[in-house]
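In: give the three-dimensional model of this entry:
(one chain, ligands or ions: 1)
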Amino acid sequence: MLYLIFLILALLIIIPTAVAGFIGAPLALTKKKQLKEIIQQAKIKPTDIFYDLGCGTGRVLVAIHKQTQAKVIGYEMSPLYWLISVLNLKINRVPKNKGKVYLKNFFQADLSKANLVFLFLMPKPLTKLAPKLKTELPQGAKIISYCFPLPSLAPYLTFTLKPPNFLPVYFYKV
Ligand SMILES: C[S@@+](CC[C@H](N)C(=O)[O-])C[C@H]1O[C@@H](n2cnc3c(N)ncnc32)[C@H](O)[C@@H]1O
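Out: Residues are numbered from 1 along each chain as shown. Next up, the predicted model:
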């Protein structure tokens with residue numbers, strides 16, 4: 001019986017979470033203080049549609065919606081983190097028409113409605129994602145890449161977070 005429970009857990013949770021960590025990035029959360037600085041620079045409007053590709057526990061989505069009223073969309077491949085994201089949006093009273101999290105690989109996401117995309121991913125998936133962002137995002141859409149730059153795109157703004165983080169944030173326009 002125990003083996004069966006473990007097998008089901010492995011199939012439903014552990015394996016997809018490990019795959020997401022391998023093909024995109026393992027879970028590492030953007031801290032609230034860092035987010036505040038990023039939001040200040042991003043100048044997000046309530047009419048914006050914000051995507052977090054690999055949204056983890058949904059904390060970026062919640063913070064963006066709370067501080068800007070923008071519509072927020074997340075993609076998460078790990079069922080465990082996806083469930084936490086869904087609950088996080090619910091607990092923080094993000095209205096259904098203003099926030100949604102998809103349990104889906106972001107390489108299969110429809111990005112045609114996004115005008116602001118947030119990425120906290122490893123260099124390899126960023127390289128793979130760059131052509132999709134360039135072809136699918138509407139003209140004028142912005143991309144924020146936290147920690148690592150997007151190859152083959154020139155940022156219009158780069159800044160380093162305040163100490164003790166010192167991590168770079170890259171802003172792009174399509
Ligand atoms: C570094 S964390 C970032 C979490 C969140 N964006 C934040 O800044 O707090 C990366 C997340 O992306 C998810 N992920 C990785 N590859 C993915 C893929 N191809 N599709 C959907 N989610 C993915 C991982 O499961 C992980 O939760």
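In: report the central residue of this structure.
Out: Asp52 (2.4 Å; Cα atoms, centre = their mean).
In: quick check on that one: phi, psi?
Out: The phi/psi pair for Asp52 (degrees, to the nearest 10) reads phi -110, psi 110.
In: now do it against Ile5, distance only.
Out: Counting by Cβ to Cβ, to the nearest Å, the gap from Asp52 to Ile5 is 32 Å. Where you see a C-beta, it was placed from the backbone N, CA and C, and this is true even at glycine.
In: downstream of the lowest-mean-pLDDT helix or strand in the chain, the next helix or strand is which one?
Out: Using mean pLDDT, DSSP states H and E, the weakest-scoring helix or strand in the chain turns out to be helix 15-23, at a mean of 75. As assigned by DSSP states H and E, the chain's next helix or strand after helix 15-23 is helix 32-42.
In: of all the residues in that following helix, which ones are buried?
Out: Gln34, Leu35, Glu37, Ile38, Ile39, Ala42 (16 or more other Cβ atoms under 10 Å).
In: pLDDT on it, on average?
Out: Averaged across helix 32-42, pLDDT comes to 84.
In: how many other residues sit next to Lys31?
Out: 13 (other Cβ atoms under 10 Å).
In: can you check Leu80 too?
Out: Neighbourhood size, Leu80 [other Cβ under 10 Å]: 17.
In: show me what the one helix or strand it maps to packs onto, helices and strands only.
Out: Using DSSP H and E, Leu80 maps to helix 79-91. For helix 79-91, the elements it packs on are helix 15-23, helix 59-68, strand 71-76, strand 99-103, judged by 3 or more Cβ pairs under 8 Å, 6 or more residues apart in numbering; DSSP states H and E.
In: starting at the chain centroid, how far to stretch 152-169?
Out: Computed by Cα atoms, centre = their mean, to the nearest Å, the chain-centroid distance of stretch 152-169 equals 17 Å.
In: before we move on, what about stretch 137-152?
Out: Per Cα atoms, centre = their mean, the displacement of stretch 137-152 from the mean C-alpha position of its chain is 12 Å.
In: now it: average pLDDT?
Out: The model assigns stretch 137-152 a mean pLDDT of 94.
In: start to end distance for it?
Out: One end of stretch 137-152 sits 15 Å from the other (Cα to Cα, to the nearest Å).
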